[in-house]
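Asks: predicted coordinates and the sequence they were generated for:
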Amino acid sequence: MMTRQRTLLASGALAAATVLALAGTADAAVVKLSQSAAASQLSAAGVTHSSSGGCTTRSNSTCTSYDQINQATVDGLRTLKSASACAINVTGGTEVGHAAGTYSHYNGYKADISRNSCIDSYVTNSFTHIATRSDGATRWRSSAGNVYANEGTHWDITYCGGNASCTAAASA
């Protein structure tokens, strides 16, 4: 009887430890949006978009696509628009042609927006300056853990949605 109780207790403790370990390392569920769902939310918030190809096809690098963008990225763009009161124009989304990686454009974590004096001032005065990237892009991190990189002609923004691993990778 004692051996059986110990086995059950050990099994239960192991299961509980496994659940706690998984809960401690798991990121919040990533919600992906369709082109139309993301476009609708962003348009309603006053966020515009443009592309050199005048299109939204994900498989075309001259398009600006929202297909499979993370809800957290859309939420971040909407919050940026609201908090800054600046014009926000998305010039890069989930379309092919950007750098690869876990927290990439294609995987829905990044968006490029046009630079303007309003957004430049807002980012540089509201967020914490962090190390300059190896390609020379200066970067700022918001209190939410999102990382803004000034790539000269546009801001390359990584919206991490509270994912600490994402913030660490974008800040490295």
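Replies: Nice, I can see it. Numbering: from 1, shown residues only.
Asks: which parts of this structure are helices?
Replies: Here the chain has its helices, by DSSP state H, at 2-25, 35-44, 71-84, 117-126, 164-171.
Asks: confidence-wise, which of these is weakest overall?
Replies: The minimum mean pLDDT among the helices of the chain belongs to helix 2-25 (a mean of 39).
Asks: and the closest residue to residue 63 other than its chain neighbours, how far from residue 166?
Replies: Take residue 63 and drop its neighbours on the chain: the residue closest to it by C-beta to C-beta, 6 or more residues apart in numbering is residue 55, 4.0 Å away. In short, each C-beta sits where N, CA and C put it, glycine included. Distance, residue 55 to residue 166, by C-beta to C-beta, to the nearest Å: 28 Å.
Asks: ok, the two, which is more surrounded?
Replies: Ranked by neighbour count (other C-beta atoms under 10 Å), residue 55 and residue 166 place residue 166 first, with 21 against 13.
Asks: distance check, the more buried one against residue 104.
Replies: To residue 104, residue 166 is 11 Å away according to C-beta to C-beta.
Asks: list phi and psi for the residue nearest the centre of the chain.
Replies: Compute the mean C-alpha point of the chain, and by C-alpha atoms, centre = their mean the closest residue is residue 159, 2.2 Å away. Note on residue 159: backbone dihedrals following degrees, to the nearest 10 are phi -100, psi 110.
Asks: just the pLDDT for the nearest residue to residue 113 once chain neighbours are set aside.
Replies: Leaving aside its sequence neighbours, residue 113 sits nearest to residue 155 (C-beta to C-beta, 6+ apart; 5.0 Å). At residue 155, the pLDDT value in this model is 98.
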